[in-house]
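> okay, predicted coordinates and the sequence, questions at the end:
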Protein chains: 2
Amino acid sequence: MVVDALTDGDVNRIFRALADATRRDIVRRTLLTDMSVSSLAHAYDMSFAAVQKHVAVLEEARLVTKEPRGRERMVRGVPERLRQAKRLLDDFDQIWRARIDRLDALLSEPLPPEKG
Amino acid sequence: MVVDALTDGDVNRIFRALADATRRDIVRRTLLTDMSVSSLAHAYDMSFAAVQKHVAVLEEARLVTKEPRGRERMVRGVPERLRQAKRLLDDFDQIWRARIDRLDALLSEPLPPEKG
DNA sequence: GTAACGTACAACTTTATGGTTGTAGATGCG
DNA sequence: CGCATCTACAACCATAAAGTTGTACGTTAC
């Protein structure tokens, strides 16, 4: 059941968001435990604002969600989104298998039909 | 068996390369059939040089390989690399499951040991 | 209320990206 | 050979990304 198809833009955002080590680390941490933006910021050697931006990129890609909790914003990883990403990579694998199947068919049928 | 561990830079390049619709399309096409750079270029509404750059990005990420064939360079998708990427996403899933396990343990053991 | 904390957001700099055009070197073909 | 094709690469432009600092504002704690 397809909940909602991903546009090219969605996919771009997902992979783009994952193309940064700090952001991948944020995803890992927030999959394990909800964390406030500031507690995340303490973990990295960069400004609070920089971490805030990384979280925003992840949020736009829906790889994390932010939920207000008092004066903090708790960041939480979204496992379903990562599974969607994995599914995208599975599609590539399917395509590749089509090539193999085609090759198998070719090998098992050494006399392909000719035109005319 | 780990053939060769991926560095942060490797992972960055892989996801970065996949964060573009044209490049994903190139991967799909070249997983199915080896194609020259120029034949790929015909498929998109952009200059040859632009496509050439996209192929270069994919090549640096090792998502495709280029092999000389006469005056052409045949581009071929590398399924193993895509499986490596999928494995990276699996790691995230593993982390998330650890959270679930922890929650399960908490629920099944309503009286956690106290300090002292 | 005041001070400290957590966040949001704007402005700015630097560097990377994605596109262009143009030039030049190999290779294949008539 | 001479010409078309395929590729490589440099230079350039516009935009986006990743970081910084500074300011403003809501919330918590005292």
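Cool, got the structure.
> neighbours of residue A:94, how many?
Residue A:94: 10 surrounding residues under other C-beta atoms under 10 Å in any protein chain shown. C-beta here means a position set from N, CA and C on the backbone, and glycine is covered the same way.
> sorry, that was for residue A:56
Using other C-beta under 10 Å: residue A:56 sits among 14 other residues.
> next one: residue A:95
By other C-beta under 10 Å, 18 other residues sit near residue A:95.
> the lowest-mean-pLDDT helix or strand in chain A packs against which elements?
When each helix and strand of chain A is scored by mean pLDDT, DSSP states H and E, helix A:79-108 comes last, with a mean of 91. Counting contacts by 3 or more C-beta pairs under 8 Å, 6 or more residues apart in numbering or on different chains; DSSP states H and E, helix A:79-108 packs against helix A:8-18, helix B:21-32, helix B:79-108.
> quick one: closest of those to residue B:41.
helix B:21-32 (10.0 Å; C-beta to C-beta).
> any residue of that closest one touching chain A?
Yes: Helix B:21-32 lies within reach of chain A by C-beta under 8 Å from any C-beta of the partner chain, at B:21, B:24, B:27-28, B:31-32.
> around DNA strand D, pick out the residues from chain A.
For chain A, the residues found near DNA strand D under the criterion C-beta under 7 Å from any atom of the strand are A:16, A:19-20, A:22, A:46-47, A:49-50, A:53-54, A:57, A:70-71.
> now these: which count as buried?
Among the residues of chain A next to DNA strand D, those buried by neighbour count (16 or more other C-beta atoms under 10 Å in any protein chain shown) are A:16, A:19-20, A:22, A:54, A:57.
> and these, which two are the farthest apart?
Spatial extent of those (C-beta to C-beta) is set by the pair A:16 and A:22 at 13.4 Å.
> from the residues of chain A next to DNA strand D, pick out the ones that also neighbour DNA strand C.
Counting by C-beta under 7 Å from any atom of the strand, A:49, A:71 from these sit close to DNA strand C.
> pLDDT added to the residues of chain A next to DNA strand D, as CSV?
Listed next are the residues of chain A next to DNA strand D as CSV, based on pLDDT from 0 to 100:
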residue, pLDDT
A:16, 98
A:19, 98
A:20, 98
A:22, 98
A:46, 97
A:47, 97
A:49, 98
A:50, 98
A:53, 98
A:54, 98
A:57, 98
A:70, 94
A:71, 96
